[in-house]
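1. quick one, what's the 3D model for this:
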Amino acid sequence: MNNETELLFRVLCFEEGHPRRTQHILKVYALAKLLGEKAKLSAQELQILQAAAILHDIAIKYCKEHFDGVCNQALQKQVAPMLVRQFLELADYSPEYIPVVTELVLKHHDYDAPKNKLLQFLMEADLIVNCYEAFPDEEKLTKIKTIFKSQAGKELFNLCVNE
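-> Residues are numbered from 1 along each chain as shown. Next comes the predicted model:
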């Protein structure tokens, strides 16, 4: 098993079959992989992006279990680095990936912050999936649309909101 497969398996087991979180992970992972491949990222960049997509919401379950059901962004940002490190180490990722993946996980909701291409693709994948899952109103969709920068992301976003 390669480390990406091991990581995905461990994270899905950690989620214990929770339908929404499990499906969300798989969809964001698939779209992030697609966006990264369409952009012709290097193998190393793809590996980092895909690991971040698998782990992007890893702190939700932990926070709900350890903070009486509370899982706000501040709590998630407190515990995410520990969990990202733990899962990447268990899946035998290179130690140099840990801070990069951690940063992507921590910033994937910081829409107004400066973004590198990996963070951009992760945000776009997560936002597309969120739109499919939450059906935002027109005002929110207009705001979300401004976040998209990649051509493939824009195309997919337009498809998901024009049903």
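2. how many other residues sit next to E96?
-> Neighbourhood size, E96 [other Cβ atoms under 10 Å]: 9. Any C-beta I mention is one placed from the backbone N, CA and C, and that applies to glycine too.
3. going by contacts, tell me the helices and strands next to the lengthiest helix in the chain.
-> Assignment by DSSP state H gives helix 19-38 as the longest helix of the chain. Under the contact criterion of 3 or more Cβ pairs under 8 Å, 6 or more residues apart in numbering; DSSP states H and E, helix 19-38 touches helix 3-14, helix 43-55, helix 117-134, helix 151-161.
4. how close does A59 sit to K40?
-> Distance, A59 to K40, using Cβ to Cβ, to the nearest Å: 31 Å.
5. these two: which is more packed in?
-> Shown here are A59 and K40; by other Cβ under 10 Å, A59 has more neighbours (24 against 8).
6. residue contacts, that one?
-> The neighbours of A59, taking Cβ atoms under 8 Å, 6 or more residues apart in numbering as the test, are 71, 75-77, 79-80, 83.
7. most neighbours, which of those?
-> Going by other Cβ under 10 Å, A80 tops the contacts of A59 with 23 neighbours.
8. ok, and the closest non-adjacent residue to that residue?
-> Nearest residue to A80 in three dimensions, chain neighbours excluded: A59, at 4.3 Å (Cβ to Cβ, 6 or more residues apart in numbering).
9. which neighbouring elements make contact with the strand or helix carrying L106?
-> If you go by DSSP states H and E, L106 is part of helix 97-107. Counting contacts by 3+ Cβ pairs under 8 Å, 6+ apart, helix 97-107 is packed against helix 43-55, helix 73-90, helix 117-134.
10. now it, how far from the chain's geometric center?
-> Relative to its chain's centre, helix 97-107 lies at 10 Å (Cα atoms, centre = their mean, to the nearest Å).
11. good, we can wrap up now.
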